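Enquirer: coordinates only, sequence not included:
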């Protein structure tokens, strides 16, 4: 019996999943079996895989979309019960190099204290740039930091990078840990997003290390960066992230966590109001309420709305203008994306060499709600393209701090009570 059972979770990505399987089959060491779980796709994915790989891939078809964790768990239960020593998860839009799988296997064989090992993942469209080398969970600020995100691969990174968790786009886990500890399978009640964070954290709590390896390379589409037609991402990200920190923050940090978590939720909703993205704000509100009430699993349909995220305010403002100038006080990539956006919405707009005489002077800043210069002489703008254009915008910025304090004052007690109740249960 092969030591590795590979599980691919697919949903409506026929061409991507075929490329994923082809890349696996080009591996130099063929010490694995492949299971493709199809989450009730409507694009013929399951049929295409059966036709091209009839003897190499076992296709498991779910009757409905069970989400990322539910889809993976369908396959993971099979490889667990069949007795594979290692389980590997691959996203349908990932591809591995010829040494990736065996490099993970050999490292875990040599290091029994490692429960989870991930590939070094690169951007599919820009393979010289790293997408992630694992993630660190920040309990001080209630978020997760992706290690070496968007860093150019220059060969100087350590081959083994310790981390808190690894995204399931390309990760191997030790079978005995899943069978014999409280780690178990992926947290299926997340449905999607932050399930891999929680899985990795459970591994850490069980006393096992998590690493990523430079010797194991994968490419990934990173579809979460593509704007979705609905508020699916907004709902699940905020609900599951909030729920994670309510459950797992150390007791001595619980009050600090509540302030940080509520600040993040307030910022997301305040920005949505500021940008007139009413559906986005409503979905985040549903996510917050569900996190407090312990609502899990697949969201009720009415909580996922049409995505009304927009840049209408900025788009309308630059129409009819000829020149602009950018004062830089932020990340280089923010300025790069702003330039691209401006040229896409007004192709006739050109960048001036100096602010004198420019129709628009943009002042790139870290976050507009921390701006104190509200004179209107410059258009302050941040990396999310929140911008202060009108007096109404300036008034919203003036009211930001007080509004946040009021939100925290109203919600912190209820939040802490819900968190403590959840931990008791």
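Expert: Sure thing, it's come through. As the structure is a prediction and not an experimental result, all values here were calculated from the model. Numbers count the residues shown, from 1 in each chain.

Enquirer: can you give me the strands in the stretch 51-200 of the chain?
Expert: Secondary structure of the stretch 51-200 of the chain by DSSP state E, counting those that start in this stretch: the strands cover 57-61, 86-91, 94-96, 114-123, 130-132, 135-138, 143-146, 160-163, 170-174.

Enquirer: a markdown table for those, including mean neighbour count and mean pLDDT?
Expert: C-betas here are computed from N, CA, C, even on glycine. Output for the strands of the stretch 51-200 of the chain, formatted as a markdown table (neighbours: other C-beta atoms under 10 Å; pLDDT from 0 to 100):
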| stretch | mean neighbour count | mean pLDDT |
| --- | --- | --- |
| strand 57-61 | 18 | 97 |
| strand 86-91 | 27 | 97 |
| strand 94-96 | 25 | 97 |
| strand 114-123 | 26 | 97 |
| strand 130-132 | 24 | 94 |
| strand 135-138 | 17 | 96 |
| strand 143-146 | 16 | 94 |
| strand 160-163 | 17 | 98 |
| strand 170-174 | 27 | 98 |
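
Enquirer: any idea which of these gets closest to residue 278?
Expert: Within those, the stretch nearest residue 278 is strand 143-146; the backing value is 25.1 Å (C-beta to C-beta).

Enquirer: in its sheet, what does that closest one sit against?
Expert: Taking DSSP bridges as the criterion, strand 143-146 forms sheet pairs with strand 135-138 (antiparallel).

Enquirer: got a list of contacts for the strand it pairs with?
Expert: For strand 135-138, contacts defined as C-beta atoms under 8 Å, 6 or more residues apart in numbering pick out 144-147, 163-167, 197, 200-201.

Enquirer: quick one on the thing from earlier: turn the strands of the stretch 51-200 of the chain into TSV, including distance to residue 263.
Expert: Output for those, formatted as TSV (distance: least, C-beta to C-beta, whole Å):
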stretch	distance to residue 263
strand 57-61	42
strand 86-91	31
strand 94-96	34
strand 114-123	30
strand 130-132	25
strand 135-138	14
strand 143-146	11
strand 160-163	25
strand 170-174	31
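
Enquirer: for residue 207, find the nearest of those strands.
Expert: Of all the strands of the stretch 51-200 of the chain, strand 114-123 comes closest under C-beta to C-beta, at 8.4 Å.

Enquirer: now for the closest one, which elements pack on it?
Expert: Here strand 114-123 touches helix 100-110, strand 130-132, strand 170-174, helix 195-205, strand 209-220, going by 3 or more C-beta pairs under 8 Å, 6 or more residues apart in numbering; DSSP states H and E.

Enquirer: which residue lies farthest from the center of this structure?
Expert: The outermost residue of the chain relative to its centre, with distances by C-alpha atoms, centre = their mean, is residue 357 at 41.7 Å.

Enquirer: could you look up the SS state of it?
Expert: Assigned by DSSP: H, G, I helix; E, B strand; the rest coil, the conformation of residue 357 is coil.
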